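Participant: curious how this folds, go ahead:
(3 chains)
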Amino acid sequence: MPDQRLNFDVLVVGAGPAGIAAACIAAENRRTVAVVDNSPWLGGQIWRGIQTKTRGGTARHWLDRLQNSDVQIFSSATIFASPSANQLLAETPDGVLEFKWKKLVLATGARELFLPFPGWTLPGVMGPGGLHAMAKSGWPVAEKKVVIAGSGPLLLAVADGLKKEGARVSLVAEQANWSEVMRFGLSLLRHPRKLIQGVGIKSRIIGVPYHFGCWPVRANGSSQVESVTLTDGSRSWTVDCDYLACGFHLVPNLELPRLLGCAVSNGYVSVNEFQLTSVPDVFCAGEPTGIGGVDCALIEGQVAGWVAVEAPDYARKLFGLRADWHRFRASLHQAFALRPELRRLATPNTYVCRCEDVRLEDLSNCKSWRDTKLNTRCGMGSCQGRICGAAAEFLFGWKNDSVRPPLFPVRASSLAGKTDALPEITAEPNISSPT
Amino acid sequence: MPDRVTLFINGKPISVPVGSIVAAAVARSYPSCFHHSVHQETRSPLCGMGACFECCVTINGSPHRRSCLTLCEEGMEVLTGA
Amino acid sequence: MNPTFDIIIVGAGIVGAACAAECARAGLKVLVLDRGPVAGGTTGAGMGHIVVMDDSEAQFALTRYSRRLWHELRPDLPASAEYDQCGTLWVAADEQEMAEVRRKEKYYNQRGVRAEVLDARAVAAAEPNLRRNLAGGLRVVDDGVIYPPCAARYLIESAIAWKAQLRTGADVRALLREGGVVMADGSRFSAGIVVNAAGPWSPALIPGLPVRKRKGHLVITDRYPGQIHHQIIELGYLKSAHSVGTDSVAFNVQCRKTGQILIGSSRQYNEEGTEINHEILERMLQRAFEYMPGLAKLTVTRCWTGHRAATPDKLPLIGPVPDNEKIWLATGHEGLGITTSLATGKLLTDLLLERPTEISAEPYAPARLLQTNESAPEPCLTA
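Facilitator: Predicted coordinates:
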């Protein structure tokens, strides 16, 4: 028995911009709505920390709307299984929640793509978005030298954000070439708000070198990262740092959509104009349908919300704006495409799977993701292949389509549909505290 | 409403602002080692958002807890280095 | 032009691999074909136990023989095969089961397999994390566990070292009456004899073959070294394995070399899909918690399913199909494929070369289940 059985008209998974938008629309149209998120916060990755901001702005607007609505929020609740139709189980620190829903909005967001290179497992090497998010929650960055590398406009946003937290950002190394990024920059002219954002960021980070066409080849250090060696393909140079924030753009969180049977194409959840997936009554909005950023996610979340409350005409009003953002999304995708040199950064000794310490050379006889799991322990650790699987897909083209519960590691009792309460037997547990 | 929280990292008290994650508290006391890899190398958070599990520590006796997704609470006992 | 082989083995699971190794070592020209990777089927999904079981005399003889072969192979196995002679602890929940324990102890010892009865206190000392108030148990010290995919890979590599050939990603569509196989792409390989070692998929090549899929679930935890010392099985396991009709669960745990705990087991017929069945998964886990309550608090990293190849009489099919000496079987091992793979390889090779077998191969002869009459199952044959 789960601790609580909860029924909602509309269940939203993910409390980022897309999820918040969908939830607000649904609640404002008199549906019972819940938002479930595996973190303690609202806002997903991009709006981490909005709860403590008091200034206006889009994020604040939506958060206020959410908090003024009757949406029930379940934080620190990790969805891990769907035992039957219209049912989801979530694990909390104290037990298990069972959700039953009539309409489901999947707004599970994205995570950063990490590619292996020598030294990437050193403490202090982190994702840019991850470092920024953690910095907003107290991770020490003040006076720390940070090199930001990898790909995507996120790198600039992180440079800006970290500077605001007192970090000393020494450079941003973007692997895409100047010409590609410039073309993308020009396309921002069609998206005035993004341009203003971009210009705003640029003005604050004047003085931080922004290099194009270069990427890290090695993180150096003994017990933690001390410097990073970068290359532009012809020359290499080394920059000292306390942190190396390196991520190669984003990959969508597809595990829950796949578990529910949603069709996926070209690596994203397929949705129709109403943000409906191939599974009846299941919507998807935001990054899992295509990495488009916060504005795109907000529109898509609203479309899903309107359709979920059976008011498609209101959704249609947003189609024009959404089309604009989808054009932005497409140019984003093109501008920051990853260069082939990134496939050759790892040496035979470099770990590809961090959870199980599987090296590149251990994978030399493997021809598929399935092969890998049979012959090595790659993908069999706690991250369930999230980190190494995405890397392997980029490095070798291996697709990993199979998803099984639990979607995250959970207590055995949760998987058995119970709380930690013991079954009715005579004895006491005498398992010693595991290390 | 207090604006700081005191918790214990490997037995040593550390005071952090309210709203800090356990990972931040660990970083402020032991910068590098959250846990050890299979080959006993020290590891520290990578993704900062609950996907990589490199931030795992033992919190109040429960192991394998993601410290990047856990808020510090008064009196919490955190053990690292597993 | 495809070469002629002495033996084609369809299926590169642990049974096919063991057969390949023995045949190749005996000097036969062997080709192994599998539509997936080595050990990609049942072998990759199962618990790797090496255990002597006494559901019948024939099962006991086969598992005892094969276990001895594992002991002999042990020094040659790579570390990745994770061979661990941890022993099996059969646990009895009540006096009725203790009577069964005592019967087993006599039975095993009479047949040269070391087994000792443990009382309640001794069981608690042997496995402190089992619940208290169990009645006792039987420890079979020479049993062990292994990591099946790496063991299968080792056997295939041994076969290759003896000049066998392996093709993975090779989908066999039909068996040829005159000896050989037809592939999905229409190409053919000719051979003196074809061995169907395709486990739960054997009936696809020989319709009507009395092999049914029996689905199982397994759960693996994060690393918790030192919690479990033996492979632990409840006595009810035998009832579960023996049952024909219903879905059943039985407590069975083993500790991997990584310190991860593997929790099983479940059995279902008529479940063709590989998806997790939550109802039986929950039953399986709850059964496990009854024996080892502390499991409830452990973190589970992964669950998966697999299909065993089950025959009506719980014994595998090893030997030629009646009326066609060119088609042989090495399949139907249910939950004992890992254990009995080596003996299967030996028996098969001895029968092929008309050498004396170390144990009688009669009980496993396909003829016992395949009648030579009009309703006989015909292999998927083409001229």
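Participant: do a quick rundown of the helices in the stretch 101-250 of chain A.
Facilitator: According to DSSP state H, counting those that start in this stretch, the stretch 101-250 of chain A carries its helices in the segments A:128-136, A:154-164, A:178-187, A:192-204.
Participant: for the stretch 251-383 of chain C, same thing?
Facilitator: In the stretch 251-383 of chain C, the segments counted as helices under DSSP H, counting those that start in this stretch are C:278-291, C:337-352.
Participant: now swap in chain B and tell me
Facilitator: Chain-ordered helices for chain B, with DSSP state H as the definition, fall at B:22-29.
Participant: the residue of it found nearest chain A: how many residues sit nearby?
Facilitator: Across chain B, no residue is closer to chain A than residue B:48, which sits at 2.5 Å (Cβ to the nearest Cβ). C-beta: built from backbone N, CA, C; applies to glycine. Counted with other Cβ atoms under 10 Å in any protein chain shown, the neighbours of residue B:48 add up to 32.
Participant: for the chain, name the helix or strand with the lowest mean pLDDT.
Facilitator: Picking chain A for this. Taking mean pLDDT, DSSP states H and E as the measure, chain A has helix A:192-204 as its least confident helix or strand, at a mean of 62.
Participant: hmm, no, I was thinking of chain B.
Facilitator: Taking mean pLDDT, DSSP H and E as the measure, the helix or strand of chain B with the lowest value is strand B:62-66, at a mean of 90.
Participant: give me the buried positions along that strand.
Facilitator: B:63-66 (16 or more other Cβ atoms under 10 Å in any protein chain shown).
Participant: and chain A, is that strand touching that?
Facilitator: Yes. Using Cβ under 8 Å from any Cβ of the partner chain, strand B:62-66 comes into contact with chain A via B:63-64.
Participant: which secondary structure elements does that strand contact?
Facilitator: The contact analysis (3 or more Cβ pairs under 8 Å, 6 or more residues apart in numbering or on different chains; DSSP states H and E) places strand B:62-66 against strand B:56-59.
Participant: direction included, what does the strand it packs on pair against?
Facilitator: According to DSSP bridges, the neighbouring strands of strand B:56-59, each with its direction, are strand B:62-66 (antiparallel), strand B:77-79 (antiparallel).
Participant: how far out from the middle of the chain is the longest one?
Facilitator: Put simply, strand B:62-66 sits 9 Å off its chain's centre (Cα atoms, centre = their mean, to the nearest Å).
Participant: what's the answer for stretch C:16-24, then?
Facilitator: Relative to the mean C-alpha coordinate of its chain, stretch C:16-24 is positioned 15 Å out (Cα atoms, centre = their mean).
Participant: cool, and stretch A:152-171?
Facilitator: 18 Å.
Participant: and what of stretch A:253-260?
Facilitator: Distance of stretch A:253-260 from its chain centroid, counting by Cα atoms, centre = their mean, is 13 Å.
Participant: before we move on, back to that, in TSV: the strands paired with strand B:56-59, plus distance to residue C:174.
Facilitator: TSV is the format used below for these (distance: least, Cβ to Cβ, whole Å):
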stretch	distance to residue C:174
strand B:62-66	50
strand B:77-79	60
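Participant: so where is the chain shaky, pLDDT-wise?
Facilitator: Unless you meant another one, I'm taking chain A. Low-confidence segments of chain A, defined by pLDDT under 70, are located at A:1-2, A:54-56, A:189-206, A:418-435.
Participant: switch to chain B, please.
Facilitator: For chain B, the stretches with pLDDT under 70 are B:30-32.
Participant: got the residues of it near chain C?
Facilitator: Contact residues of chain B with respect to chain C, defined by Cβ under 8 Å from any Cβ, are listed as B:62-64.
Participant: if we use 10 Å, what do you get?
Facilitator: Taking Cβ under 10 Å from any Cβ of the partner chain, the part of chain B that reaches chain C is made up of B:38, B:53, B:56, B:61-65, B:82.
Participant: ok, of the residues you listed, which one's closest to residue C:300?
Facilitator: Minimum distance to residue C:300 across these is 10.5 Å, recorded for residue B:64 (Cβ to Cβ).
Participant: I figured that closest one was touching residue B:79, is that so?
Facilitator: No. With contacts defined as Cβ atoms under 10 Å, residue B:64 does not count as touching residue B:79, sitting 11.7 Å away.
Participant: mutual contacts of the two, please.
Facilitator: With Cβ atoms under 10 Å, 6 or more residues apart in numbering or on different chains applied, the overlap between the contact sets of residue B:64 and residue B:79 consists of B:57-58.
Participant: name the element residue C:105 belongs to?
Facilitator: When secondary structure is defined using DSSP states H and E, the element that contains residue C:105 is helix C:95-110.
Participant: sorry, that was for residue A:88
Facilitator: In this assignment (DSSP H and E), residue A:88 forms part of strand A:87-91.
Participant: now do the contacts for the spatially closest residue to the residue of chain B closest to chain A that is not a sequence neighbour.
Facilitator: Of all residues beyond its chain neighbours, the one nearest residue B:48 is residue A:130 (2.5 Å), with distances taken as Cβ to Cβ, 6 or more residues apart in numbering or on different chains. Applying Cβ under 10 Å, 6+ apart, one finds that residue A:130 lies in contact with A:45, A:111-112, A:114, A:139, A:158, A:245, A:247, B:45-52, B:55, B:68.
Participant: how about 8 Å then?
Facilitator: Counting by Cβ atoms under 8 Å, 6 or more residues apart in numbering or on different chains, residue A:130 touches A:112, A:245, A:247, B:45-49, B:68.
Participant: now residue A:165: how far from residue A:144?
Facilitator: When Cβ to Cβ, to the nearest Å is applied, the distance between residue A:165 and residue A:144 equals 9 Å.
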